[in-house]
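Novice: Here you go, sequence then predicted model.
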Amino acid sequence: MPDDTVGADRAKDAVSEHSSGFPDALNRLCPICGSSDATDVFCDANIDAASLNSYAFASRKLPEYMHHRLILCPDCDLVYANPAPRIEALASAYEEAAYDSGEEAEFAARTYGAYTRKVAATLPDNCGAIDIGCGDGVFLEKLLDLGFDGVSGIEPSIAPILAAKPRIKPLIRQGLFSAAEFEPSSAILITCFQTIEHVYDPLQLCVDAHGLLKEGGALFLIGHNRDALSAKLLKTRSPIFDIEHLQLFSAASFRRLLTEAGYKSVRVFPIFNRYPLHYLVKLFPIPAANKIALLNGIKRLRAGYLPVTLALGNLGAVGYK
Ligand SMILES: [Zn+2]
């Protein structure tokens, strides 16, 4: 089957002999450094095709403890899915994904807004900002509040775009990120939060973003830290081991990603999140039936809505053009 997708030149064009819940999953080289050394199997696949419902591809949902077969790259420290579903399969899965995370998205956007304020202070101007994987556009509002103009967002799923506020919806383009849809050297800031794990070719995304940035502009990524204490304690029961995640970063591999893509002055740092208590309960590794009862219980009490600040195991990375 011909494959003209992004990054196909770096993927072995062979259907994998390893089990995968997706038809025609492809073997894949390391998506950062291109290493073909797949001898260090981080964990085998855990995919139950029958329970792959439409919520599996919505962000901030009940985790289902399913994940692809993961390889640890000996060269760049990335953990990546191999085999991985074809990009066409991902595009349609995300397009149709259900959506029910408005409140949590607002809490996350506040956290990201506080960090973005610091990044914005290092930029030469505030003209042109793109948020890749913008969901319902709640962070686009933060960018406007921070004084950016020429703000736009990209989101592959239709449901969150339909939920966007009327003044934000026209700023969102539906689809996978494609640099061809933007003017080269036109943005001063590109943000990509909790999305870089989901894309088929994270290096290509960073290279494309570099082409869209003006001199002195920045790419700001936030993702999960696979070296975080929570990930180490919970192992594959951690919510970061997720069917949606095609790669998992550490500080070293996040730095390598931006350096490899041509960014300068790269900084990697922990992110402290602020979330309501009931959201944290949702992420807890307990059986779904108990969890729903617990969630309903604490939501009835006001305590469920108390904001809690803690390091959930997220990393930020900023690089400059
Ligand atoms: Zn690698």
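Specialist: Here it is on my side, so go on. Numbering: from 1, shown residues only.
Novice: Asp125 - how many residues pack around it?
Specialist: 13 (other CB atoms under 10 Å). For every residue, glycine as well, the C-beta is placed using N, CA and C.
Novice: That one against Ala187, yeah?
Specialist: No: checked against CB atoms under 8 Å, the pair Asp125 and Ala187 is beyond contact range at 10.6 Å.
Novice: mind listing the strands for this protein?
Specialist: Shown for the chain, the strands assigned by DSSP state E span residues 41-43, 70-72, 79-81, 127-132, 149-155, 172-174, 187-193, 213-224, 247-248, 264-276, 307-320.
Novice: Among the ones you listed, which one carries the weakest average confidence?
Specialist: Across the strands of the chain, strand 307-320 has the smallest mean pLDDT, namely a mean of 82.
Novice: how about low-confidence regions in the stretch 101-250 of the chain?
Specialist: Residue ranges of the stretch 101-250 of the chain with pLDDT under 70: 101-102.
Novice: quick one: the helices in it?
Specialist: 102-120, 138-145, 158-162, 202-212, 229-234 (DSSP state H, counting those that start in this stretch).
Novice: counting contacts, what elements does the last one pack onto?
Specialist: Other elements packing on helix 229-234 under the criterion 3 or more CB pairs under 8 Å, 6 or more residues apart in numbering; DSSP states H and E are strand 307-320.
Novice: residues in contact with Glu106?
Specialist: Glu106 sits next to Val138 when contact means CB atoms under 8 Å, 6 or more residues apart in numbering.
Novice: thought Val207 was touching Ala261?
Specialist: Yes: Val207 lies in contact with Ala261 (CB under 8 Å); the separation is 4.8 Å.
Novice: Settle it for me: which of these two has more neighbours?
Specialist: Using other CB under 10 Å, the more surrounded residue of Val207 and Ala261 is Ala261, with 20 against 15.
Novice: ok, and the closest non-adjacent residue to that one?
Specialist: The shortest distance from Ala261 to any non-neighbouring residue, by CB to CB, 6 or more residues apart in numbering, is to Cys206 (3.5 Å).
Novice: Just confirm the one you found contacts Leu219, I think it does.
Specialist: Yes: proximity of Cys206 to Leu219 meets the contact threshold set by CB under 8 Å, at 6.3 Å.
Novice: Identify the contacts common to the two.
Specialist: In contact with both Cys206 and Leu219: Leu258, Tyr263, Gly319, using CB under 8 Å, 6+ apart.
Novice: and the residue nearest to the first one when sequence neighbours are not counted, bridged to which residues?
Specialist: Closest residue to Leu258 in three dimensions, ignoring its sequence neighbours and counting by CB to CB, 6+ apart: Gly319, at 3.7 Å. Counting by DSSP bridges, Gly319 forms beta bridges with Leu219.
Novice: hang on, isn't Gly319 packed against Tyr263?
Specialist: Yes: Gly319 is in contact with Tyr263 according to CB under 8 Å; the separation is 2.7 Å.
Novice: and for these two, which residues touch both?
Specialist: With contacts defined as CB under 8 Å, 6+ apart, the residues adjacent to both Gly319 and Tyr263 are Cys206, Leu219.
Novice: List just the one of the strands of the chain that sits closest to the ion.
Specialist: Of all the strands of the chain, strand 79-81 sits nearest to the ion, with 7.6 Å by CB to the ion.
Novice: where's the closest one relative to the chain centroid, distance-wise?
Specialist: 14 Å (CA atoms, centre = their mean, to the nearest Å).
Novice: anything in it near the ion?
Specialist: No: counting by CB under 5 Å from the ion, the ion has no neighbours in strand 79-81; the shortest distance is 7.6 Å.
Novice: and stretch 153-167, how far out from the chain's middle?
Specialist: For stretch 153-167, the distance to the chain centre is 16 Å (CA atoms, centre = their mean).
Novice: can you check stretch 181-192 too?
Specialist: 18 Å.
Novice: what does that stretch contact?
Specialist: 112, 116, 119-120, 123-133, 139, 143, 148, 150, 152, 173, 205, 209, 211-222.
Novice: First-to-last residue distance for that stretch?
Specialist: Stretch 181-192 has an end-to-end distance of 17 Å (CA to CA, to the nearest Å).
Novice: Next, the buried residues of it.
Specialist: Phe182, Ala187, Ile188, Leu189, Ile190, Thr191, Cys192 (16 or more other CB atoms under 10 Å).
Novice: between Gly319 and Tyr263, who's got more neighbours?
Specialist: Gly319 (26 against 22).
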